[in-house]
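In: Pasting the sequence and the predicted model now:
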Amino acid sequence: DVGSVSGHLVSNTRPGDVLFLAPPQGEFVLPDRPRPLLMLTAGSGITPVMSMIRTLVPRRPDADVVLIHSSRTPEQSIFHEELRELADQFSNLRATHWFTQERGRLDFRSPAELEELCPDWRERAAYACGPTGFLDDAEALWAAESAAVKTGIPAG
């Protein structure tokens, strides 16, 4: 019972209930050659990323992965302990946890918070997975940064 959807399912569904789910959207495939990666996740959006991290980090010492995961609290953070152990074991993974109950939502309206967490985020291939609002906000930041590069006018 972690997260709003899981909590709702645990509390409000019964055996035999039929649930209709929308299919996942977008493509989520790692590049063929390692390059610095930034993975932004929120809530259960960490699930597909964990599969990638479990595959990539131990097998590719040349990988350079920064993961920023947003959840309400440490107790509600899926894979929290496993990520801590992986980051301790593999120097090519840096995992940062952002707890919204303490700090509020990760703010993508300007690059300031992201720069604090990952100063070289502009040079990394970025993957994001999470709720629609989280993805929309991240996409808007990347679009603003792309426009800033084209026009020479700083974003944010």
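Out: That came in fine, so what should we check first?

In: Could you list the low-pLDDT ranges of this protein?
Out: 1-6, 23-32, 148-156 (pLDDT under 70).

In: For the residue positioned nearest the centre of it, list the residues it contacts.
Out: Centroid check for the chain by C-alpha atoms, centre = their mean gives residue 41 as the closest residue, at 1.7 Å. Listed by C-beta atoms under 8 Å, 6 or more residues apart in numbering, the contact set of residue 41 reads 49, 67-70, 128-130. From N, CA and C alone the C-beta is placed, and that goes for glycine too.

In: Could I have the CA atoms of the longest helix anywhere in the chain written out in CSV?
Out: In the chain, taking DSSP state H as the definition, the longest helix is helix 132-151. Extracted in CSV, the C-alpha atoms of helix 132-151 (Å, rounded to 0.1, in the frame of the first residue of the first chain):
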residue,chain,number,x,y,z
THR,A,132,1.5,12.7,-16.1
GLY,A,133,2.0,16.1,-14.3
PHE,A,134,5.6,15.1,-13.5
LEU,A,135,6.3,14.2,-17.1
ASP,A,136,4.6,17.3,-18.5
ASP,A,137,6.7,19.5,-16.2
ALA,A,138,10.0,17.8,-17.0
GLU,A,139,9.2,17.9,-20.8
ALA,A,140,8.4,21.7,-20.5
LEU,A,141,11.8,22.3,-18.8
TRP,A,142,13.6,20.4,-21.6
ALA,A,143,11.6,22.3,-24.3
ALA,A,144,12.5,25.6,-22.6
GLU,A,145,16.1,24.7,-22.4
SER,A,146,16.2,23.6,-26.0
ALA,A,147,14.6,26.9,-27.1
ALA,A,148,17.1,28.8,-24.9
VAL,A,149,20.0,27.1,-26.7
LYS,A,150,18.5,27.9,-30.1
THR,A,151,17.9,31.6,-29.3
